[in-house]
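In: sequence unknown, structure follows:
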């Protein structure tokens, strides 16, 4: 099982996939690709909620991926 979380101005959207169900994996990968092409950053989350590393390519074996738009301050 994997979980994709999208944090943006609309709130917190969650998409879960089962690695044994290719249609669910495809849907998660499509969302990942769509958002990263728009400039969203993707990160893994390690057990205990600690931030992992930035993800450049979708990997269905990852437990949890968080996507968020780049925040610009000034």
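Out: Arrived safely, thanks for sending. Small disclaimer: the values here were computed from a predicted structure and weren't measured. Residues are numbered from 1 along each chain as shown.
In: what packs against the lowest-mean-pLDDT helix or strand in the chain?
Out: When each helix and strand of the chain is scored by mean pLDDT, DSSP states H and E, strand 51-54 comes last, with a mean of 84. Under the contact definition 3 or more C-beta pairs under 8 Å, 6 or more residues apart in numbering; DSSP states H and E, strand 51-54 sits against strand 41-45. C-beta coordinates here come from the backbone N, C-alpha and C atoms, glycine included.
In: partners of the strand it packs on, with directions?
Out: The sheet places strand 41-45 alongside strand 51-54 (antiparallel), strand 64-68 (antiparallel), with pairing taken from DSSP bridges.
In: so which bits of the helix or strand containing residue 26 are buried?
Out: Using DSSP states H and E, residue 26 maps to helix 22-37. For helix 22-37, burial by neighbour count (16 or more other C-beta atoms under 10 Å) applies to 24, 25, 28, 29, 31, 32, 35, 36.
In: quick one: which of those is nearest residue 10?
Out: Taking C-beta to C-beta as the measure, residue 35 is the one of the buried residues of helix 22-37 closest to residue 10, at 12.3 Å.
In: wait, the closest one touches residue 6, no?
Out: Yes: taking C-beta atoms under 8 Å as the definition, residue 35 is a contact partner of residue 6 at 6.6 Å.
In: overlap of the contact sets of these two?
Out: Taking C-beta atoms under 8 Å, 6 or more residues apart in numbering as the contact definition, residue 35 and residue 6 share the neighbouring residues residue 67.
In: quick one: contacts for residue 43?
Out: Taking C-beta under 8 Å, 6+ apart as the definition of contact, the neighbours of residue 43 are 51, 52, 53, 54, 55, 65, 66.
In: go again using 10 Å as the cut-off
Out: Contact analysis of residue 43 by C-beta atoms under 10 Å, 6 or more residues apart in numbering lists 5, 51, 52, 53, 54, 55, 64, 65, 66, 67, 68.
In: how about those residues in a markdown table, adding distance to residue 19 and neighbour count?
Out: As requested, these are arranged in a markdown table below (distance: C-beta to C-beta, whole Å; neighbours: other C-beta atoms under 10 Å):
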| residue | distance to residue 19 | neighbour count |
| --- | --- | --- |
| 5 | 17 | 16 |
| 51 | 23 | 10 |
| 52 | 18 | 15 |
| 53 | 20 | 9 |
| 54 | 22 | 9 |
| 55 | 16 | 17 |
| 64 | 13 | 18 |
| 65 | 13 | 23 |
| 66 | 19 | 19 |
| 67 | 19 | 22 |
| 68 | 24 | 15 |
